[in-house]
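> Using only what follows, build the 3D model:
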Amino acid sequence: MKLNTHNYKEILSALSLPEFWEDQLSTNDINTNSIALRMLHGIKDNITGGVISLRTQTENKDIRKFAKSIYLEVDSTDAFKYLEDDFDRDFNALDELRIHSALKKKNQEKPLPPLMQWVNMAQKIEFKIFLIKEIGFFQQIDCAPQLLDLYLQNVDYSIKAQIADTLGLLDYDIAVPVFIESFNYNPQEVKDKIIDALGKLGGEQALSFLESIYYQTYNKETLIKILLNIRLIDHDGSVYSKIENSVSTDFEKIAISYIEKNTSEIFEL
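The predicted structure follows:
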């Protein structure tokens, strides 16, 4: 049923529901605050960041972090201030979901500012990785050069892995030679992301490199990953056919069959 927005707002106003839950938010009871935040989040079109900010400094971390994520969604003056200082202590998966939802809402109103500015501020690895992931989701291609610069720095390998994944999503093919040159100096976690990124970026250089590491790889999961990405970017099928005709082990034959089964629908489209 289509919501009558005008009537909805009139009912909220007539019943003074925003004011009621604002009063509940100002109490010192944690359970009441939690309920009030959920209710105010549900009627967020009728509240301001100033109301929510009452609980952004509270000692209870669950209330505090929930309030910060709502503030990000509803405030119109300084909505992104809590992205500084790693958002909060004990950043976790629930925080990711809430911030992601808030950023999606903000992005519907107007394009988000470059998230790279908060990546550079972040000290906690988990929060930095989350922001880099969001850059890929929101397709902030202007952040790509800085992400590649960060990849080249002495940063945590999990950060490098996420950068590789994001640059693949951004279709930033300038990263291809950098990924190739650094490949052997990274752990498997980063290598796997590079392989997937090269499969998204494509091109002769990426294809040639994937072919070369196929014959040097002993990890079976990585072997399948390489085969899959070769299949996706080998447009005339010459490299993939050469590998297919040269397989000698039962595992490679099973891997080829698996790749064919899982890519046939993609190529039909």
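> Only C-alpha atoms from now on, for both contacts and neighbour counts.
Noted.
> top helix in the protein by residue count?
helix 250-268 (DSSP state H).
> Contacts for that helix next, please.
Helix 250-268 is contacted from outside by I224, L227, L228, R231, L232, E244, V247, using CA atoms under 8 Å, 6 or more residues apart in numbering.
> what's the burial count for T249?
Neighbour count of T249, defined by other CA atoms under 10 Å: 9.
> And it, how far from K261?
According to CA to CA, to the nearest Å, T249 stands 19 Å off from K261.
> downstream neighbour of the helix or strand bottoming out on mean pLDDT in the chain in the secondary structure list?
Here the helix or strand of the chain ranked lowest by mean pLDDT, DSSP states H and E is helix 5-14, holding a mean of 69. Heading C-terminal from helix 5-14, the first helix or strand you meet, by DSSP states H and E, is helix 17-25.
> How far off centre is that next one?
34 Å (CA atoms, centre = their mean, to the nearest Å).
> how about low-confidence regions in the stretch 151-269 of the chain?
Along the stretch 151-269 of the chain, the model assigns pLDDT under 70 to residues 264-269.
> could you pull out the strands for it?
Here the stretch 151-269 of the chain has no strands by DSSP state E, counting those that start in this stretch.
> where exactly do the helices run in the stretch 51-200 of the chain?
Ranges of helices in the stretch 51-200 of the chain, per DSSP state H, counting those that start in this stretch, are 61-74, 93-109, 116-121, 125-137, 144-151, 157-169, 176-182, 188-201.
> quick one: buried residues of the fourth one?
Neighbour counts using 16 or more other CA atoms under 10 Å place E126, F127, K128, I129, F130, L131, I132, K133, E134, I135, G136 of helix 125-137 among the buried residues.
> swap in the fifth one?
With burial defined by 16+ other CA under 10 Å, the residues of helix 144-151 counted as buried are A144, L147, L148, L150, Y151.
> Could you do the shortest one as well?
Burial within helix 116-121, assessed by neighbour count using 16+ other CA under 10 Å, is assigned to M116, W118, V119.
> now, among these, which is nearest to K61?
W118 (21.3 Å; CA to CA).
> ends of stretch 71-80, how far apart?
Start-to-end, stretch 71-80 (CA to CA) is 9 Å.
> just to revisit the earlier point, tell me the one of the buried residues of helix 125-137 nearest R64?
F127 (16.8 Å).
> ok, the residue nearest to that closest one when sequence neighbours are not counted - contacts?
Nearest residue to F127, sequence neighbours excluded (CA to CA, 6 or more residues apart in numbering): D86, at 6.1 Å. D86 is in contact with M121, A122, Q123, K124, F127, K128, counting by CA under 8 Å, 6+ apart.
> where does the second one fall, phi/psi-wise?
Taking degrees, to the nearest 10, you get phi -60, psi 140 for the backbone angles of A122.
> gap between W21 and L15?
The value you get for W21 to L15, if CA to CA is used, is 11 Å.
> so who does V247 touch?
K253 are the contacts of V247 under CA under 8 Å, 6+ apart.
> try K2
Contacts of K2 (CA under 8 Å, 6+ apart): none.
> sorry, back to before: so between W21 and L15, which is more surrounded?
Between W21 and L15, counted using other CA under 10 Å, the more crowded position is W21 (19 against 10).
> For the more buried one, which non-adjacent residue is closest in space?
A36 (5.2 Å).
> Surely that neighbour touches S26?
No: A36 lies out of contact with S26 (CA atoms under 8 Å); the separation is 9.2 Å.
> Between those two, which is the more surrounded one?
A36 (22 against 15).
> which helices and strands sit right next to the host helix or strand of the more buried one?
Element membership of A36 [criterion: DSSP H and E] is helix 30-42. On a contact count with 3 or more CA pairs under 8 Å, 6 or more residues apart in numbering; DSSP states H and E, helix 30-42 meets helix 17-25, helix 61-74.
> Which of those helices comes out lowest on mean pLDDT?
Ranked by mean pLDDT, these end with helix 17-25 at the bottom, a mean of 78.
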